[in-house]
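> From the sequence below, what's the structure:
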Amino acid sequence: MATVAGDGTPRIRIIDTMLTKNEKLYFLTARGKDFYQELMRTGQVAVTGLNERWETVRLQGRVRNIGHECLDEIFEKNPSMNSVYPGDSREILEVFCLYEGQGEYFCLAGHPIVRKTFCFGNVLQQQKGYRIGPDCIGCGTCVSVCPQGAVEEGTPFRILQENCLHCGRCFENCPVQAIIPADGGYGDSEET
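Okay, here's the model as predicted:
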């Protein structure tokens with residue numbers, strides 16, 4: 001999970017998501033930790049996970065401190081926590097709930113890659129990557145430079161968002177600048 005420290009620098013650590021219910025994620029931390037202070041100050045967190053099949057899920061969104069609510073349920077579902085915080089030492093812990101945000105499933109295991117975005121809570125989907133505008137002349141340059149074959153012919157040509165790396169090769173090579181960031185900004189080239 002990633003947060004931002006008081007000096008504006010990023011911080012990241014491994015934190016277990018200890019409970020999921022009602023489309024929310026629950027985790028906990030001790031009040032004395034920097035992580036706790038960062039969550040309380042910003043109310044934001046970013047989460048990512050990767051499995052052995054090269055599938056990742058990333059989430060970013062808003063968190064709220066719910067105190068000791070769900071604490072007993074978390075300890076029941078995660079019995080190893082009883083040896084980490086035995087007895088009444090668990091009182092130093094507080095539970096946080098990731099209740100709204102956006103996420104992405106991303107799989108590099110096949111060709112083409114697979115990308116699916118989603119939102120939860122009261123958040124609208126933000127478009128990322130690139131799209132092809134009406135200035136497209138149908139030259140096919142975007143098709144020839146796409147490493148995933150994620151562009152299909154049409155009028156205008158179309159980027160298949162579920163297979164797009166967001167690498168920007170089509171954007172950089174379009175001879176008429178018909179490819180534009182989907183969000184109107186600079187695109188999203190976070191993936192490798």
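
> ok, the residue nearest to Ile14 when sequence neighbours are not counted - contacts?
Among residues not flanking Ile14 along the chain, Met1 sits closest, at 7.8 Å (C-beta to C-beta, 6 or more residues apart in numbering). Where you see a C-beta, it was placed from the backbone N, CA and C, and this is true even at glycine. For Met1, the contact set (C-beta atoms under 8 Å, 6 or more residues apart in numbering) comprises Ile12, Arg13, Ile14, Ile15, Phe27, Phe35, Val45, Ala46, Val47.

> Need the max-distance pair from those residues.
Greatest spatial distance among those (C-beta to C-beta): Ile12 and Phe27, at 14.1 Å.

> Look at those two and report which has more neighbours.
The residue with more neighbours, out of Ile12 and Phe27, is Phe27; 20 against 11, by other C-beta atoms under 10 Å.

> which SS state does the more buried one fall under?
Classification of Phe27 using DSSP: H, G, I helix; E, B strand; the rest coil returns strand.

> And it, how close does it get to Met81?
Going from Phe27 to Met81 by C-beta to C-beta, to the nearest Å gives 11 Å.

> Sort out which one of the contacts of Met1 lies nearest Pro181 for me.
Nearest to Pro181 out of these is Ala46 (C-beta to C-beta; 20.8 Å).

> is it fair to say that closest one lies in a strand?
Yes: under the criterion used here (three-state DSSP), Ala46 sits inside a strand.

> Can you report how many residues neighbour it?
By other C-beta under 10 Å, 16 other residues sit near Ala46.

> cool, Arg53 as well?
With other C-beta under 10 Å as criterion, Arg53 counts 10.

> so what's the closest residue to it other than its chain neighbours up against?
Spatial nearest neighbour of Arg53, excluding adjacent residues (C-beta to C-beta, 6+ apart): Ala109 at 5.5 Å. Taking C-beta under 8 Å, 6+ apart, we find Ala109 in contact with Arg53, Trp54, Glu55.

> Kindly report the same for Ala30.
Residues counted as contacts of Ala30 (C-beta under 8 Å, 6+ apart) are Tyr36, Ile92, Leu93, Glu94.

> Give me the buried entries from these.
Listed as buried from the contacts of Ala30 are Tyr36, Leu93, Glu94; burial here means 16 or more other C-beta atoms under 10 Å.

> which strands and helices sit next to the one helix or strand Arg11 maps to?
With secondary structure defined by DSSP states H and E, Arg11 is part of strand 10-12. If you count contacts as 3 or more C-beta pairs under 8 Å, 6 or more residues apart in numbering; DSSP states H and E, strand 10-12 packs onto strand 2-4, helix 34-42.

> Looking at those, which is nearest to Pro175?
strand 2-4 (38.6 Å).

> Please identify the buried residues of the closest one?
Ala2, Thr3.

> One more: stretch 18-35?
Buried-residue list, stretch 18-35, by 16+ other C-beta under 10 Å: Met18, Leu19, Lys24, Leu25, Tyr26, Phe27, Leu28, Thr29, Phe35.
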